[in-house]
Each structure stands twice: as C-alpha cells, then as structure tokens.
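Asks: pasting the structure only:
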C-alpha cells in the first residue's frame, strides 16, 4: 500500500514539476539570471502552502492515514552544509536539473536527462563510498592522516 | 509552451507535500531515492541503512517519469528530443559535449545532495516549510552557486538565450 502511494505521489510531483516548467532548462537558467522569476514564485508559494498545511497536519493528525508515524522533521544542522550546497548548485546550473525534475524530464522524453540522472547516481554512489571509507579509517587506531582529509 | 501559472504550480506542489505527509507519513525529498537505487546494486552498508533502505523510495522515484510523461502527453508535446534550448548557445550542439556536461553536472548534484543530506525538494521546499535552519543554509548554497555559475557561464561562453 505504501509502495503504491509512493508511486502515485511521485507521479503527482512529476506532473506538477512539469506543469510548473521546472523541467525546462531555459526557465531554470532564467531564474539564475534574474530574467524570469516564475520559478522563484513557484517555490515561494509551495513553501508557504506546505508550511501552513504541515502545521495543520501536525496539530490534527496523530498518525498517517496509511498507518505509522508522520515522519516529517527538520533535518539536523551539520558541518559542511553550505559548501555541500555550493557543489549541488554548481551541478544544478550546469545541467538545468535537480534530482526530481531530471526524472520528470525523462518522462517528457527529454532523452538527454538520462545523462544527468546517470551523473546523479554516480555522484550519490561516490559520496557513499567516500563516507564509508572515512568511517572505516576513523575506527582504526591513528592512521597517518592527511591534513586536508582530517578537517573535512 | 504552456504550463500552469506560478501560484497554481506552487500551490499544487505544496498541497502534494502536505498530502504526502498526512496520508503516507513521509517527507517530500527525492535525492534519497537515488541512494536507494545505489542500494539495489551495491552491498555498501551506507546504502542499506535508513533512509536509503526504505523500499517505498524506489517506487517514489519511478512515479516521477510517469508524471512527466502524462504531463507532456496531455499537453500534446510528447516528442523525443536531445535539444536543450539555451544550453546549445552556451555549449554548442555536440552530443559528446552535451553528455559530458550533463554527467558532470549530475555528479555534482548527486555528491552535493548526499553531502548536504537533501536537495531542492527535501531542503528548499519541505525543509524551509518547517523553518529548518539546516535547510536554509543548504538552500542558500544551492542558489548562491546556481546564480554565480550561471552568470560565469554566460560571461565566459557568451550565450544569448
């Protein structure tokens, strides 16, 4: 049931992102050049709507309709958030896509988005490998640490 | 090209975020689903633990192309294309260049999203809607680099789009 709901919601989000023109390269780039603030408006209204709705859901609903807790919480503050954001934003500007819109682009038969999606998968994989390697070296007694790695 | 006005688009996305939380109990965030895909092919424990180990994330990811397909089909513009609008005035029409730039851009998106623990959906929409400080910092990074890199691209490559 949860899987079907996730599929339907994914479909709804993909549809809405497509209608919002968030899947259009020129619209994204026009936002970053301050030529067309359409997408800024979309994001602003989405945040406002979600903020009001989530506050109501939090107050009224004890658990999710499909059962289980409502697992929607602010993400923890952690070091490196800003540089991480810069890395993401650079990719966003280069490709004109983000993780959700790229998937919707593939559905729209913008076939080039397969390259972007493959890149996102590779980047995700690389981070996972990087992170688990670092976790492994941390548990070993005093490795000959490189200063540039130790401060990350 | 068509599409919804900004207020309708934003309202639809915001409403979906709320319904997803209320009905399924889940937070709207797409980048974790890529970690779930990695978990299908990789034995690395990073991708087996929560949040990536959650099965629904794979179904969520599959829904997006369906939604895009439906949207394009209903708008009567379902034509396969390799053209990316203004991209070509910046980088030219070579398919090799296109592929390299998109894979590289995608790589930075994937790496950055995991490092930041979220992307434009999880941080900039769901996170900001909760007034989260971490999401504000991450979003400032997303947009700062987006603006600066785009301006630099147009300055150096001289696109006209």
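Replies: Noted; the coordinates are in hand. Computed from a predicted structure; not experimentally measured.
Asks: helix or strand with the lowest mean pLDDT in chain B?
Replies: helix B:87-91 (a mean of 92; mean pLDDT, DSSP states H and E).
Asks: next secondary structure element downstream of it?
Replies: helix B:95-116 (DSSP states H and E).
Asks: name the helices or strands packed onto the least confident helix or strand of chain B?
Replies: Judged by 3 or more Cβ pairs under 8 Å, 6 or more residues apart in numbering or on different chains; DSSP states H and E, the packing partners of helix B:87-91 are helix B:95-116, helix B:133-157. C-beta coordinates here come from the backbone N, C-alpha and C atoms, glycine included.
Asks: would you mind finding the most buried of those?
Replies: helix B:95-116 (a mean of 23; mean count of other Cβ atoms under 10 Å in any protein chain shown).
Asks: could you see whether chain A lies near it?
Replies: Yes - Helix B:95-116 is in contact with chain A by Cβ under 8 Å from any Cβ of the partner chain, via B:98-99, B:101-116.
Asks: repeat for stretch B:73-80
Replies: Yes - with Cβ under 8 Å from any Cβ as the criterion, chain A is reached by stretch B:73-80 at B:77-80.
Asks: ok, stretch B:14-23 next?
Replies: Yes - counting by Cβ under 8 Å from any Cβ, chain A is contacted by stretch B:14-23 at B:14-23.
Asks: now that stretch: average pLDDT?
Replies: Stretch B:14-23 shows a mean pLDDT of 98.
Asks: now that stretch, how far from the chain's geometric center?
Replies: How far stretch B:14-23 lies from its chain's middle: 18 Å, per Cα atoms, centre = their mean, to the nearest Å.
Asks: report the buried residues of that stretch.
Replies: Buried positions in stretch B:14-23, judged by neighbour count with 16 or more other Cβ atoms under 10 Å in any protein chain shown: B:14-23.
Asks: with stretch B:111-131 instead?
Replies: Within stretch B:111-131, the residues that count as buried by 16+ other Cβ under 10 Å are B:111-130.
Asks: leaving out sequence neighbours, find the closest residue to residue B:69.
Replies: For residue B:69, ignoring the flanking residues on the chain, the nearest one in space by Cβ to Cβ, 6 or more residues apart in numbering or on different chains is residue A:107 at 3.8 Å.
Asks: what pLDDT does the model give that neighbour?
Replies: Predicted confidence (pLDDT) for residue A:107: 98.
Asks: helix/strand/coil for residue A:71?
Replies: Assigned by DSSP: H, G, I helix; E, B strand; the rest coil, the conformation of residue A:71 is coil.
Asks: contacting residues around it?
Replies: Shown in contact with residue A:71 (Cβ atoms under 8 Å, 6 or more residues apart in numbering or on different chains): B:25-27.
Asks: where in chain A is the helix or strand with the lowest mean pLDDT?
Replies: helix A:147-150 (a mean of 48).
Asks: check the gap between the residue nearest to the spatial centre of chain B and residue B:46 for me.
Replies: Centroid check for chain B by Cα atoms, centre = their mean gives residue B:120 as the closest residue, at 6.4 Å. As for residue B:120, its distance to residue B:46 is 22 Å (criterion: Cβ to Cβ, to the nearest Å).
Asks: cool, and residue A:100?
Replies: Separation of residue A:100 from residue B:46 (Cβ to Cβ) stands at 22 Å.
Asks: before we move on, what about residue A:108?
Replies: The value you get for residue A:108 to residue B:46, if Cβ to Cβ is used, is 32 Å.
Asks: can I get the buried residues of stretch B:14-23 in a markdown table with secondary structure and distance to residue A:1?
Replies: Listed next are those as a markdown table, based on DSSP: H, G, I helix; E, B strand; the rest coil; distance: Cβ to Cβ, whole Å:
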| residue | secondary structure | distance to residue A:1 |
| --- | --- | --- |
| B:14 | helix | 24 |
| B:15 | helix | 21 |
| B:16 | helix | 18 |
| B:17 | helix | 20 |
| B:18 | helix | 19 |
| B:19 | helix | 15 |
| B:20 | helix | 14 |
| B:21 | helix | 16 |
| B:22 | helix | 15 |
| B:23 | helix | 10 |
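Asks: now, among the residues you listed, which is nearest to residue B:158?
Replies: Among these, residue B:14 lies closest to residue B:158 (Cβ to Cβ), at 37.7 Å.
Asks: so what's that closest one closest to, chain neighbours aside?
Replies: Excluding its sequence neighbours, the residue lying closest to residue B:14 (Cβ to Cβ, 6+ apart) is residue A:49, at 2.6 Å.
Asks: so where does the one you found fall, helix or strand?
Replies: Per DSSP H and E: helix A:38-60 holds residue A:49.
Asks: circling back to that earlier point, which residues does the residue nearest to residue B:14 contact?
Replies: The contact partners of residue A:49, taken as Cβ under 8 Å, 6+ apart, are B:10-11, B:13-15, B:17-18.
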